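**Q** fold the following, please.
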Amino acid sequence: MKLKILAEAAAEFYQLPDLRVKQKIDKSKAKKARHNCQWIARDAGYSHSIIAWFWGMDRTSIYYACRMVEGRIDTDPSERRELKELLEFVRNRLTKTRQLSAARKASS
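**A** Numbers count the residues shown, from 1 in each chain. Model prediction:
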């Protein structure tokens, strides 16, 4: 999974301009989208350091974001459903991106 595609997919899922997801703003919708992206990236095997580098943050911010998401999904079933929907949305985006890339290579 590419972190840029993850951020773009989350921006689309949460109906935010792409840049708002990556900015360090405290608006709840953008913050939630950013935290969920960071949790997904960690769950996909990215290190806290790599995630922090991509988002322009330090590792402790990523640890915090992941703990916040885990707390929400452990206590709120609607949060768990939303995260599952976001994961499915991201997977679909990755599939489309790969298909487009393969089609471009085949036509070259």
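
**Q** what segments of this structure are helices?
**A** Using DSSP state H, the helices of the chain run over residues 3-13, 18-22, 28-43, 48-55, 59-75, 77-107.

**Q** mean pLDDT lowest for which of these?
**A** Confidence, taken as mean pLDDT, is least for helix 18-22 of the helices of the chain (a mean of 63).

**Q** so what touches stretch 86-93?
**A** Contact with stretch 86-93 is made by 1, 5-6, 8-10, 12-13, 36, 40, as judged by C-beta atoms under 8 Å, 6 or more residues apart in numbering. (Glycine included, C-beta is placed from N, CA and C.)

**Q** before we move on, the earlier item: let's have the helices of the chain in TSV, adding mean neighbour count.
**A** Formatted as TSV, the helices of the chain follow (neighbours: other C-beta atoms under 10 Å):
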stretch	mean neighbour count
helix 3-13	19
helix 18-22	17
helix 28-43	21
helix 48-55	18
helix 59-75	16
helix 77-107	12
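
**Q** picking up where we left off before, which of the contacts of stretch 86-93 sit farthest apart?
**A** Within the contacts of stretch 86-93, M1 and E12 form the most distant pair, 15.5 Å apart (C-beta to C-beta).

**Q** can you list the contacts of stretch 86-93 in JSON lines and add distance to R72?
**A** Below are the contacts of stretch 86-93 laid out as JSON lines (distance: C-beta to C-beta, whole Å):
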{"residue": "M1", "distance to R72": "21"}
{"residue": "I5", "distance to R72": "23"}
{"residue": "L6", "distance to R72": "18"}
{"residue": "E8", "distance to R72": "23"}
{"residue": "A9", "distance to R72": "19"}
{"residue": "A10", "distance to R72": "15"}
{"residue": "E12", "distance to R72": "21"}
{"residue": "F13", "distance to R72": "16"}
{"residue": "N36", "distance to R72": "9"}
{"residue": "I40", "distance to R72": "13"}
